[in-house]
Structures are given as structure tokens and as C-alpha cells.
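J.: Got a predicted model here, sequence first, then my questions.
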Amino acid sequence: MNRRNFMKSSVAAAVALSFHQNLVLAATADGGSEVGADVQAMTGDGSEVILSRSSVQDLADSLRGNLFLPGSDAYEKARQVINPHVDKFPALVVQPRSPADVQKAVQYASQENLLTAVKCGGHAFSGLSTCQGGMQIDLSLMRYVRVDPVRKTAWVAGGSLLGEMDYESMAHGLVTTAGTVSHTGVGGLTLGGGYGRLARRFGLTIDSLLSVDIVTADGKLRRASRHDNPDLFWAVRGGGGNFGIVTAFEFQLHPMQRQVIAGRYMFPFERRQEMLQFSSEFASSAPDDLLVGQFIGAFPGGNNVAVIGVVYSGPQERADGLLAPIEKFGPVGNTVKSWDYVELQRSGDFGDDDRANGSYMKSGFIDQISDDLISDLVETFEPNPNRSIWMSFGHGGGAISRVPNDATAFPSRSPEFNLLSFVGWPMGADPEPHLEYMRQQWTHMAPYTDGFYVNDLGEETQAQVDSNYGDNLPRLVQVKNQYDPGNLFRLNANVKPTV
């Protein structure tokens, strides 16, 4: 779940075309394959650089994992990210098999000052898990989860997906907050904070993080926890990928029954304003173990919806009483039922067919869903047969809000909701009318927001990113200066070093 920046200047387009045409076509299937020529690449500051054939060959030969260059099917598969609107061509893709491989890749990228992207699940909608002309480090070969049911902990390799962690931990009746789409990368979700269906009950994903193993910009593998490099541990909990590549996460797990109550209550689209007013008030008084979401959407074919979604993870005998006010409000139907939690976590997954559609999204934290906000949202919501649009409020508060803002780098503990505005269109269609609609619509929504979730980074300026970190920014800069003074890891909600 970073989501999505699609600025396309003519200069950027020309550079992309140049690199796509000129990158070497000698594909490598593994670390021992032959590199046929020098490689044209891009540095972090936007300069072109030529990587000698011999140096790239040395890198390939040193890896247990793979190094891919343009021209191979493996390269084409590796460079892709979830949002097909993002179409970038790294100069080389490294697929590490181990932390030592990550170290070698980072050392090479640092030595050559390469633009560097890190891919786990590829869910960053803005495309920050790939890059144009730089090095993409694809962690997809580093997927493994080990659960210790006695200590109630999980050791998770850095390239793992959320579904793998849910599957292994729930086998022991244990969980931790883990997003809402099972093929999201653990790394991206966690480092940005980590919302999910259980966040109100157990806190953000980072609130259950015990330690990380992380390769910093100097290529060293470090452990960070409350006792080891505590400044670095503080920073990675909400500071995104600014400080290195995490090769392993250690999580505290929490006991929970396997079955939860979840589903959607459907209302006539004509009641959308009334529904949003009711559901926002209902959500504000919900207990920690009840998540309430509000959603309005319009899709090609005239399928317009107004929905209240719920996930209740507490004692099932209390569910009917807690949800009775929604039933009384008069839905025209519902899908609410008892779910296996792991199955629920997979229910929002999407596959290759979804690559037929481009997408773009804006988001921002909301302290309160006011009547004025609802009125503006409803008035600017414009169904169109050529696109899908939806707007929803993610539910915060609960355990999230009871952690001080400065306890971790995550700066936004108090907002009760996260507003998401989304537009999608068929690939091949002109995206500009859809992008323009969403950007214009967001000008009406932005005044109601206060900050944004860094995993939703889109077109925000550096000044907006700095402001978003709030009072935590000076400490983040100090940690950045220590562990990444050259800003190797810049494709994120960037903390710019000052040294």
C-alpha cells in the first residue's frame, strides 16, 4: 500500500526514452552470467554515468542472487510495479538472496552514487520502488517467516509479503497489524507506520516492532532495537526507507481468535451524505476492537455505491449489539459474516487483470469528519462512465492515538481518519482528464486535512514532506546525517541530510 505520483514533464519523458533505447541488452539470468557491455546509468543527483562492463560483471559474480539487465524476461518482470501507469527502466536490477547480497548491492550503488530504488511488494503507487536509469534492489527472493509461539514473536525476512506473516502467525493464534492487501510488502508498510484492520486494537505495525536488521548506506549490516542503535530504531518506525534496507524484522505478536466479524452494509447512493454523517459519528464512538470505514464509489456501467464497512475482532457474542445501530439505520443489504482472519486479509487482493487499469490517489489525515467536509466531498464527487472513482475514510484512533507523537518517528497519532480519493482508468486511454479531475477535486479536500500518511506519498513538495514530519524532523535529520549523509535512499518521503 506508496501510492502514486505521475508527474510527466517532457524532459523526464525524453530521459526515459533515451535510457530505454540505450541500456545494454545483455540480459543476466543469475550472478554468473556474462555482461556484454558498459551500462549507461543515472546518479541520484540526475547525472548520467557509465558503469564499466567489468565493474558490473564483478557485482554480478559476487552475488548469490541475480543481476538483471534490460533485454531479458526476468528484467521485465522484476522492474514492474503494481501500478501499471508507472513504467520505468532501471539500468540494472539486483535480486539479493541474503543480507550479504544486499550489502554488496548497496556498496556498489553508493560507490557509483546511483539512483537507488528498493522494491518489496511494489505497492508504492507513486512508483518509488522502481527508478529510471538507476539500480532497483528487488527483495522478492528474501521471503521467509519464522514464528516463536512461546515468546509470541515473528522473525520476518525483509522481502516478505504481509500474507505470509498473517498465515504463519495465525497458525498459532497470534497476529500483528498487517495492512489490508496480503501481497503488500512487509518492509514498505512497516517503515511508513503500518495501518491495517487491527490497528485500532493493537496499534500501528511499528508499535509491535521489536528490532530490525538493516543495511545502511555505508553497506554495513546493523541491528537496531531499543537497546542497539536506538536512534536508528526510533527513526525507522515511521521514517520510511530513508535510513537503509531492512533485511529482517522482529515483531511482537498478540493472541487473537481466528474468526472475526467483517463485511459491508450497502445503502442507496442517494443516501450517501446521510450515510457519511451517520457512520462518522458511529465510528467516533467505536471500541478499539471495531474498525469502521465509509466508502462511496462510482464505476463504469453506472454501479454507484455507498457503503459502511466493518471489522470486529472482539468477542463474537458482542457483535450483534455493537452493530445494531447500523442495522437500525436501514441498509438495503449487507455481506457481514464470520470470516477466517487470513482469508479476510486476502479478500482485497488483486491480480494481473488489474494491470489493465491505471490509477492515481490523494490522501490526507482528518481529525474530524465535519458536515462541511461531507458536503464538499459529495458535491465534488462526479461519476463518469470512463473511469472509476471512490472516496473513503480509513479509521484511526484507538491504540494508535495512545502512543506519544515523539515515541517513534511516525508523526500523526491523533487523527481519527485518513481520507483517500482514488481514480482509475483503462490503460491506453489518455490519463490526463482523470488526473486533472482528481487534482482539482483534492483542492476542495486538502483544506480539511492535516498531514498525510508517508506510504501514500504522491506529488507532495519537499516543504510539505518536511512539515509532515512535524516536531520529529530535526531528530530525523540527525539520524539521516549519521547513516545516509549522501542521501542514497532518497526515493521516499525524503528526509534530506544537512551534511
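T.: Received it, and whenever you're ready, just let me know what you need.
J.: How about the backbone phi and psi for the closest residue in space to residue 90 that isn't next to it in sequence?
T.: Nearest non-adjacent residue to residue 90, counting by CB to CB, 6 or more residues apart in numbering: residue 136, 4.0 Å away. Every residue, glycine included, has its C-beta placed from N, CA and C. Backbone torsions for residue 136, taken as degrees, to the nearest 10, come to phi -100, psi 130.
J.: I figured residue 136 hits residue 89, correct?
T.: No - Residue 136 is beyond contact range of residue 89, at 9.5 Å (criterion: CB atoms under 8 Å).
J.: if we can go back for a sec, what about the residue nearest to residue 90, neighbour count?
T.: When neighbours are counted by other CB atoms under 10 Å, residue 136 registers 28.
J.: how close does it get to residue 120?
T.: Applying CB to CB, to the nearest Å, the value for residue 136 to residue 120 is 11 Å.
J.: same question, residue 386
T.: In terms of CB to CB, residue 386 sits 33 Å off from residue 120.
J.: More neighbours: which of those two?
T.: residue 120 (28 against 11).
J.: Show the pLDDT at the more buried one.
T.: We have a pLDDT of 93 for residue 120.
J.: Beta-bridge partners for the nearest residue to it once chain neighbours are set aside, please?
T.: Leaving aside its sequence neighbours, residue 120 sits nearest to residue 185 (CB to CB, 6+ apart; 2.7 Å). Beta-bridge partners of residue 185, counted by DSSP bridges, are residue 161.
J.: Residue 185 against residue 118, yeah?
T.: No - between residue 185 and residue 118 there is no contact under CB under 8 Å: 9.4 Å.
J.: Of these two, which one has the most company?
T.: Neighbour totals were compared for residue 185 and residue 118, and residue 118 leads with 30 against 26 (other CB under 10 Å).
J.: on contacts alone, who are the packing partners of whichever helix or strand that one is part of?
T.: Assessed by DSSP states H and E, residue 118 sits inside strand 116-119. Using 3 or more CB pairs under 8 Å, 6 or more residues apart in numbering; DSSP states H and E, the elements in contact with strand 116-119 are strand 135-138.
J.: Can you list the strands that the strand it packs on pairs with?
T.: strand 92-95 (parallel), strand 116-119 (parallel).
J.: re the thing from before, pull up the overlap in contacts between residue 136 and residue 89.
T.: Here residue 136 and residue 89 have residue 79 as joint contacts, going by CB atoms under 8 Å, 6 or more residues apart in numbering.
J.: Which stretches in the stretch 201-350 of the chain count as strands?
T.: Secondary structure of the stretch 201-350 of the chain (DSSP state E, counting those that start in this stretch): strands at 209-215, 221-225, 245-252, 254-255, 259-267, 290-299, 303-312, 333-334, 337-340.
J.: how about the ones you listed in TSV, adding mean pLDDT and distance to residue 417?
T.: Output for the strands of the stretch 201-350 of the chain, formatted as TSV (pLDDT from 0 to 100; distance: least, CB to CB, whole Å):
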stretch	mean pLDDT	distance to residue 417
strand 209-215	98	24
strand 221-225	98	31
strand 245-252	98	26
strand 254-255	98	24
strand 259-267	98	18
strand 290-299	97	9
strand 303-312	96	13
strand 333-334	96	22
strand 337-340	97	23
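J.: okay, those in TSV with distance to residue 109 and mean neighbour count next?
T.: Below are these laid out as TSV (distance: least, CB to CB, whole Å; neighbours: other CB atoms under 10 Å):
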stretch	distance to residue 109	mean neighbour count
strand 209-215	11	22
strand 221-225	15	18
strand 245-252	10	23
strand 254-255	37	13
strand 259-267	42	20
strand 290-299	39	22
strand 303-312	40	20
strand 333-334	51	13
strand 337-340	42	13
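J.: Switch those strands over to JSON lines; also include distance to residue 463.
T.: Putting those into JSON lines (distance: least, CB to CB, whole Å) gives the following:
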{"stretch": "strand 209-215", "distance to residue 463": "28"}
{"stretch": "strand 221-225", "distance to residue 463": "29"}
{"stretch": "strand 245-252", "distance to residue 463": "27"}
{"stretch": "strand 254-255", "distance to residue 463": "38"}
{"stretch": "strand 259-267", "distance to residue 463": "39"}
{"stretch": "strand 290-299", "distance to residue 463": "31"}
{"stretch": "strand 303-312", "distance to residue 463": "35"}
{"stretch": "strand 333-334", "distance to residue 463": "44"}
{"stretch": "strand 337-340", "distance to residue 463": "43"}
